[in-house]
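Asks: Sequence below, structure please.
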Amino acid sequence: MADRPPPQVYSIAAHRGFADALVAGLIPRYSDPQLGLARLTLLLPSSRAQRIVTEAFVRLSGGGMLLPRMAMVGDLDLDETLGPLLDPLGAGAAVPSAADPTRRWLRLAELLAAEMAEKAPKTPGLLRLSREMARSMDRLAIEGIELGDLLDERVSGIVGDLAGHWQDATRLFARVQVRWLADLEARGEVDAPVRRNLLFDHAAETWRAKPPPHPIVAAGITSASPALARLLRTIAELPGGAVILPDLDLALADDVWTMLGRAGDPASDGDAPFGDRDAVSHPQYHLKLLLHRMGIARGEVDQWHRAGLAAAPPERSRAISNLFLPAAASAGWVSLPAAQRRLAGVRLMESAHPGEEAQAIAILIREALEVPERRVALITPDRGLAGRVVAHLRRWDIAADDSAGLPLSQTAAGRLLLLLAEVVATRASPVPLLALLVHPAAGTEQGRPQWLEFARLMDRELRGPRRAPGLAPLRAAAEKLARRASDLAEWWAGIEAVLAPLLDWPAALALDTALGELAQAAEALSGPGLWSGPDGRALAALVEDLRGAAGQVGTSLVPEDLAQVLRDAMDQVAVRPPWGGHPRIAIYGLLEARMSRADLVICAGLTEGSWPASPAPEPLLPPAVLRALGVPGGEFRIGLAAHDLAGALGAPEVVLSWAQRDEAGPVIPSRFVLRVEAMLGDLADAHREVQAVALAREIDRAAKAPAYPQPMPMPSRAQRNVPVSVTALDRLRGDPYQFYAQAILGLRRLDPLDADPTAAWKGEVVHKVLERWHKAGDGAGELLAIAAEELAEMRAHPLVRSLWWPRLSKALQWIDAQIVIQRADGRAVLVSEAKGEMEYMGVKVHGRADRIDLMADGSLGIVDYKTGSPPSGSMVEQGFALQLGTIGLIANDGGFAGVTGEPTKFEYWSLAKSIKGKDQFGYIYEPVKEGQKKSGIPRADFLSESERYLREAIGDYILGEKPFTARLNPDLGGYNDYDQLMRLDEWQARTETEA
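Replies: Down below sits the predicted model:
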């Protein structure tokens, strides 16, 4: 070892541009005239880094050359499978194979369920906890921490001082890990991070004993795992070897470097590797940790000798170093001269909201592309913001790819499988069912236009309160529609054949069986094209991987949990777009942006909780235990995010962008932004980017539209010539515009899917029940039995029936009792649910009478059933509730078959709660002014007054030329189905103010 050369460790400063500077130095240093760089092995942190470095080689090679062999050995998130890349080193049987991560995830859930017993959460929650536990186990394995370290006396003493729930969680973690390690031993496997560490150590030992014949260079690796640090130290000492670090600040003062803390180098053996006051959120902290574990002092690191194409001025790195000084050292900002505080080329852009921020960023990108060969990169952890920017760029036909990709659950293929699972979980409720039927991939094999037409017909039919679960109500709806569209029955039969096996699953279902049947159903709906494209291939890989692991473990679940389990699994899979976007635009997440460089870099979404993300605590291991074991805490991630920003700030031009609020409310700018503003001080205003924000506000701003007037449509005489129903007469007098929209324009409001039971729906049920009962002879049929049959026939959801039935049954019993009492007084039901009409002033007036009774004296009683409160006497008196009177006029005119006589009774029978008692339902109200009543119409004048109002309405609106004014009586309550059509919010407040 004494003969070995000093370690060759270099740093590329932030302002130089890592990938381009790296390649600019590698080509003259290692290239061969004949073989190019083919003899060089380049170790990189991830496949993303490999792509970025390859692009740099393309830019700088000058025409073409053989590239080095590139191997990925780890990245800051350790999300790549690295072990197999080092197998050629001859590890062979000496290193056990790695456990399948999916099988481990499911098996850990099984072990957790066994240990937690009755305290175990449901399957989705259990699998989330299992995933978090697997991550914790990986973090310990990466740091070289074994189960024995967790049971060490020092650590157990810390556990004993913690709160009870942390003690229980730590013990649970230890018990499950013991059982998992026994499982691994029986299978002859190790966890993937353990295998990776073994491979790293094997490589280090092999290369130390016998250096490879060709040079090896490790570049851009900042993961500080002990095994990887040992490997890097070995590489740095190899002949021709080198380790090249990104953005290690060699100019940072020694006292400031010391302020960062222990960073894995305790002063004595009894100290913890990390101190309570360590500056773990500093961007240099993880690099200091790596150097300590490599056994290299910062003074042994040299500056890399080349710069990239997109290098910034050298003073930029000094300003970045000052920007991220620890809290104690940042007090020196006040004495820094302006030249060391100024971030030339860095702009600050504050927007009002994410939509404005995305538009301003799109404008900046559009401007940058006007300059030939100018490259621009957008870096943001907010994928929603990135998607907005991509959409805005399409305005100028600019296609940009988000290299961070989308979660599989948000892609078309993933969403189809999730919708099928949701249909199963909800027993084919309308919302997921119709979303499935109109999915872009559904019906492509059967003829998409016809498929969508049938789906829209089903959409119309299924609106309103949810029907009972299962396929029977849907089959009844399809049969009803088939009377109008004969091919629809065959279409629905095909869909039902696909869904029926899924809805017939047992209560306990094997996960691998469920996935197989779900995939088969998805392919039946969409064809084999479902598995094509990046999202289809990712979905196929996930399904097969999950099926195989679930079959080995024997995972089972209830069908209702399948959708959530699938969604959680899909969220872990990122689907990245293929090549094809604009070659000079890159949109990165934080991982993808590492080592990249562009002429203009826009760092967006700089708000607290986004960049940096909020530290996520370990669910099972407390921070104090992790710190004692030597595992960096959650705030370590803040330092990584700061390092990402420091690297991005090295670009020639940088825009730091944030919005004042997000969709939920106001947000706090990132602590990094606040640091920039604080360091700039009075220079901050000169760094503001205001033009792009101003253009973003103006680009979609149209000329101010004139105030929208209160609608007063004036249809022609021919258009006004429409029949008037007894229920529409109230609308005609109260709000003429609503009558115009309904009777003349023929517009009807659509109920939402899964709507709450409306008064109209309840009224429909009650009327059907009472119609059957009356026609059966007021007692020949059991009223409650008839009601139960009608509710069953309407296939109402069981929850709707159970909530409404107690109230409905009591009200119906009250009606039954009242009919018996009135029959004893000589009053009999003459007709029920009878249609009638008359011609008045040449206009057809029609309606349906809920009930007409024959009184003992030969006169008629008009009855209208209400499920809620009836109109008040004042409403009737003012002519805004004329249904009883108009029905009476039609009856008096002989408009109802088999009904003769003069109406003298006008009654509302309400099924609402009675004022007589809290548990009583049903009462009779007659809006007749007599006795002590102060409102209503006198009985003798009831028909004549109703006729007067009818005459005025027909004369003014049907036969006359009066406009159908919107909200003619604004204080009058009632329907609001057409408020959006009349654009009520645009003129009502102004009209009321003017009044």
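Asks: CA atoms for contacts and neighbours, from now on please.
Replies: Will do.
Asks: where does the stretch 1-150 of the chain have low pLDDT?
Replies: Along the stretch 1-150 of the chain, segments meeting pLDDT under 70 span 1-4, 74-94.
Asks: quick one, helices of it?
Replies: For the stretch 1-150 of the chain, applying DSSP state H, counting those that start in this stretch gives helices covering 18-30, 47-60, 101-116, 123-142, 147-150.
Asks: longest single helix anywhere in the protein?
Replies: Counting by DSSP state H, the longest helix found in the chain is helix 798-824.
Asks: helices and strands around the helix or strand following that one, which ones?
Replies: Once the chain leaves helix 798-824, the next helix or strand it forms, by DSSP states H and E, is strand 828-840. Packing partners of strand 828-840 (3 or more CA pairs under 8 Å, 6 or more residues apart in numbering; DSSP states H and E): helix 759-775, strand 843-854, helix 883-892.
Asks: Make CSV out of these and add mean pLDDT, mean neighbour count and distance to G188.
Replies: As requested, the helices and strands packed on strand 828-840 are exported to CSV (pLDDT from 0 to 100; neighbours: other CA atoms under 10 Å; distance: least, CA to CA, whole Å):
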stretch, mean pLDDT, mean neighbour count, distance to G188
helix 759-775, 77, 17, 65
strand 843-854, 92, 20, 80
helix 883-892, 93, 25, 84
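Asks: Go through these and name the closest to V543.
Replies: Among the helices and strands packed on strand 828-840, helix 759-775 comes nearest to V543, with 43.2 Å by CA to CA.
Asks: And for the closest one, what's in contact with it?
Replies: 779-783, 786-787, 790-791, 829, 831-833, 850, 865-868 (CA atoms under 8 Å, 6 or more residues apart in numbering).
Asks: Same check on stretch 97-113?
Replies: If you take CA under 8 Å, 6+ apart as the criterion, stretch 97-113 is touched by 120, 126-127, 129-131, 134, 172, 176, 179-180, 184, 188-192, 195, 545-546, 549-550, 552-553, 555.
Asks: quick one: buried residues of that stretch?
Replies: Judged by neighbour count (16 or more other CA atoms under 10 Å), stretch 97-113 contains these buried residues: 97-99, 102-113.
Asks: Stretch 473-484 too?
Replies: Within stretch 473-484, the residues scored as buried using 16+ other CA under 10 Å are P473, L474, A477, A478, E479, L481, A482.
Asks: my guess is the fifth one meets D487, correct?
Replies: No. Using CA atoms under 8 Å as the test, E479 is too far from D487 to be in contact (10.6 Å).
Asks: Count the neighbours of the closest residue to D756 other than its chain neighbours for me.
Replies: With CA to CA, 6 or more residues apart in numbering as the criterion, D756 has its nearest non-adjacent residue at 5.5 Å, and that residue is P465. By other CA atoms under 10 Å, 20 other residues sit near P465.
Asks: Roughly how far does P465 sit from P757?
Replies: 5 Å (CA to CA, to the nearest Å).
Asks: cool, A279 as well?
Replies: Separation of A279 from P757 (CA to CA) stands at 59 Å.
Asks: neighbour-wise, which of those two wins?
Replies: A279 (23 against 15).
Asks: Confirm for me that the more buried one is in contact with Y285.
Replies: Yes. At 6.8 Å, A279 counts as touching Y285 under the criterion of CA under 8 Å.
Asks: Give the residues shared as contacts by these two.
Replies: With CA under 8 Å, 6+ apart as the test, A279 and Y285 both reach L260.
Asks: Could you pull out the helices in the stretch 351-500 of the chain for me?
Replies: Using DSSP H, counting those that start in this stretch, helices in the stretch 351-500 of the chain cover 354-368, 383-393, 412-425, 430-437, 448-461, 472-482, 487-503.
Asks: so can I have JSON lines of those showing mean pLDDT?
Replies: Output for the helices of the stretch 351-500 of the chain, formatted as JSON lines (pLDDT from 0 to 100):
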{"stretch": "helix 354-368", "mean pLDDT": "96"}
{"stretch": "helix 383-393", "mean pLDDT": "93"}
{"stretch": "helix 412-425", "mean pLDDT": "95"}
{"stretch": "helix 430-437", "mean pLDDT": "94"}
{"stretch": "helix 448-461", "mean pLDDT": "92"}
{"stretch": "helix 472-482", "mean pLDDT": "89"}
{"stretch": "helix 487-503", "mean pLDDT": "92"}
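Asks: returning to that earlier point: identify each buried residue in the longest helix of the chain, please.
Replies: By 16+ other CA under 10 Å, the buried positions in helix 798-824 come out as 800-801, 805, 807-812, 814-816, 819.
Asks: Export those residues as CSV, with columns for distance to L418 and pLDDT.
Replies: As requested, those are arranged in CSV below (distance: CA to CA, whole Å; pLDDT from 0 to 100):
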residue, distance to L418, pLDDT
V800, 27, 68
R801, 29, 70
W805, 35, 77
R807, 38, 80
L808, 38, 80
S809, 40, 81
K810, 43, 83
A811, 43, 82
L812, 44, 83
W814, 48, 84
I815, 48, 84
D816, 49, 83
I819, 54, 84
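Asks: Take these and lay them out in CSV including distance to D254.
Replies: CSV is the format used below for the buried residues of helix 798-824 (distance: CA to CA, whole Å):
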residue, distance to D254
V800, 72
R801, 76
W805, 79
R807, 80
L808, 82
S809, 84
K810, 85
A811, 86
L812, 88
W814, 91
I815, 92
D816, 94
I819, 98
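Asks: Now the two most distant members of the residues you listed.
Replies: For the buried residues of helix 798-824, and using CA to CA, no pair is farther apart than V800 and I819, which are 27.7 Å apart.
Asks: for the helices of the stretch 1-150 of the chain, which one sits closest to R594?
Replies: Taking CA to CA, helix 47-60 is the member of the helices of the stretch 1-150 of the chain nearest to R594, at 7.3 Å.
Asks: quick one: K762 and L808, what's the gap?
Replies: When K762 is compared with L808 (using CA to CA), they lie 9 Å apart.
Asks: Please disregard the earlier target; I meant L112.
Replies: Taking CA to CA, one finds L112 at 48 Å from L808.
Asks: returning to what we had before: and the contacts of stretch 97-113, which of them are buried?
Replies: 126-127, 129-131, 134, 172, 176, 180, 184, 189-192, 195, 545-546, 549-550, 553, 555.
Asks: Tell me the one among the buried residues of stretch 97-113 nearest to G443.
Replies: The closest of the buried residues of stretch 97-113 to G443 turns out to be T102 (CA to CA; 32.6 Å).
Asks: Show the average pLDDT along stretch 333-348.
Replies: Per-residue pLDDT values across stretch 333-348 average out to 81.
Asks: The residue lying closest to I361 once chain neighbours are set aside: what's it in contact with?
Replies: In space, and not counting its chain neighbours, I361 is closest to V389: 6.8 Å by CA to CA, 6+ apart. Under the criterion of CA under 8 Å, 6+ apart, the contact list for V389 reads A358, Q359, I361, A362.
Asks: Out of the residues you listed, who's the most crowded?
Replies: In terms of neighbour count, A358 stands highest of the contacts of V389 at 29 neighbours, by other CA under 10 Å.
Asks: how close does the residue nearest to that one when sequence neighbours are not counted sit to L745?
Replies: Distance criterion CA to CA, 6+ apart; nearest residue to A358, sequence neighbours excluded, is V389 at 4.9 Å. As judged by CA to CA, V389 and L745 stand 41 Å apart.
Asks: cool, and V423?
Replies: Relative to L745, and taking CA to CA, V423 is found at 37 Å.
Asks: Which one of these two is surrounded by more residues?
Replies: Ranked by neighbour count (other CA under 10 Å), V423 and L745 place V423 first, with 25 against 11.
Asks: so the more buried one makes contact with L433?
Replies: Yes. At 5.8 Å, V423 counts as touching L433 under the criterion of CA under 8 Å.
Asks: now the closest residue to L417 other than its chain neighbours, what's its secondary structure?
Replies: Closest residue in space to L417, ignoring its immediate chain neighbours: A522 at 6.3 Å, by CA to CA, 6+ apart. Following DSSP: H, G, I helix; E, B strand; the rest coil, A522 is assigned to helix.
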